[in-house]
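> quick one, fold the following:
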Amino acid sequence: MTLTILAQQAINGIVLGSLYVLVALGLTLIYGVLVQINFAHADFVTLGAFAAYFFMHFSGGSYLAAIVAALLAGAVLGFLVNVAVFAPLRRKSELLPLIATIGVSVMLENAMLAIFGPIPYAFDTPYTKVFRFAGSFLSARNAIIIAVSTVTIAALYVFMRFTFLGKALRAVAQDRETAGLMGINPNTLIMLTFVLASALAGMAGAMLAPVLVLTPFAGASVIVKAFAIVIIGGFGNVEGTILAGLIVGLIESFTTQYLDPGLIDIVVFGLLLAMLAFRPTGLISERREENV
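Numbers count the residues shown, from 1 in each chain. This next block holds a predicted model:
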């Protein structure tokens, strides 16, 4: 019985951790390249959730297609916000884009509140089948979350490590000026970073929507933990973010089972404080040349 409970909570933790990883990876990419934090990231997650919801309800599309629609919606939003706000401000000061993300967040939240209203939306998916094995169970929806997250993380890793654009992006993260002298356009790579980060946020929103209460402020419920995961994993380190996200997901799952659901935040942020005190560089020490 104990082994069955352990296995079940491990499955639940992996599902939760997979969602956290997708949210946190966007923050990691932006910090790894620009050494900045995007405070509007939570609202990109929320927009992805609404994009998936309305795609399913008005087009009759499948949930998998809705995830793709949310990814595209996030990418488009990231492109537009970067062109309209971040790129012009970066030419004036490194600090202004950081401040602007707070304004963009407030603007997006109030725009979604005006358009969608404060009443929560019920996001149901057709994947209600439950798979049972060795006393544990996994719903079809959670299986999709694990599968999509795994494929996305693997694709991002391959892109960053083995493609020309990925290597160029890592070069910009290491030394923007030197990369520019070598013929790489830093502005193009920064744009790509925002698009990728926003696309990941949109995809995460689509998969979080059936789990969370869908409101214009839904993304805010996970973004604080996403920031904690980025810090625990090592600022700007993709591998550290993946590891930290899975660890936090497992911690939440086992805390719910063996302690009390009300202690989840205490345990997670206790881990964050411990990491800051004893290993401030994170699980995987930050080395700028290996970030992103």
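
> in three-state terms, label the residue lying closest to Arg141 once chain neighbours are set aside for me.
Leaving out its chain neighbours, the residue that sits closest to Arg141 by C-beta to C-beta, 6 or more residues apart in numbering is Tyr127, at 4.4 Å. (Each C-beta comes from the backbone N, C-alpha and C, glycine too.) Using DSSP: H, G, I helix; E, B strand; the rest coil, the structure places Tyr127 in coil.

> let me see the contact set for Tyr127.
63, 139-141, 144 (C-beta atoms under 8 Å, 6 or more residues apart in numbering).

> again, only using 10 Å
Shown in contact with Tyr127 (C-beta atoms under 10 Å, 6 or more residues apart in numbering): 62-64, 139-145, 210.

> tell me the one of the residues you listed nearest Asn12?
Nearest to Asn12 among the contacts of Tyr127: Asn142, at 8.1 Å, using C-beta to C-beta.

> now the host helix or strand of the closest one: how far from the chain's centre is it?
Following DSSP states H and E, the helix or strand that holds Asn142 is helix 140-162. With C-alpha atoms, centre = their mean, to the nearest Å as the basis, helix 140-162 stands 12 Å off its chain's centre.

> repeat for stretch 222-242
Taking mean C-alpha positions (C-alpha atoms, centre = their mean), stretch 222-242 and its chain are 9 Å apart.

> and the end-to-end length of that stretch?
The first residue of stretch 222-242 is 16 Å away from its last residue (C-alpha to C-alpha, to the nearest Å).

> show the average pLDDT along it.
On average, the pLDDT along stretch 222-242 is 88.

> stretch 113-124 too?
On average, stretch 113-124 scores 88.

> contacts for that stretch, please.
Taking C-beta under 10 Å, 6+ apart as the rule, stretch 113-124 contacts 46, 49-50, 52-54, 56-57, 63, 66, 141, 206, 208-218.

> just the helices in the stretch 151-292 of the chain please.
Assigned by DSSP state H, counting those that start in this stretch, the helices in the stretch 151-292 of the chain fall at 164-174, 176-181, 186-208, 220-233, 238-258, 264-278.

> quick one, phi psi at Ala163?
Wrong residue type there; residue 163 is Thr, not Ala. Per-residue torsions, Thr163: phi -110, psi 160 (degrees, to the nearest 10).

> what number of residues lie near it?
Counted by other C-beta atoms under 10 Å, the residues lying close to Thr163 total 11.

> do the same with Ile223
24.
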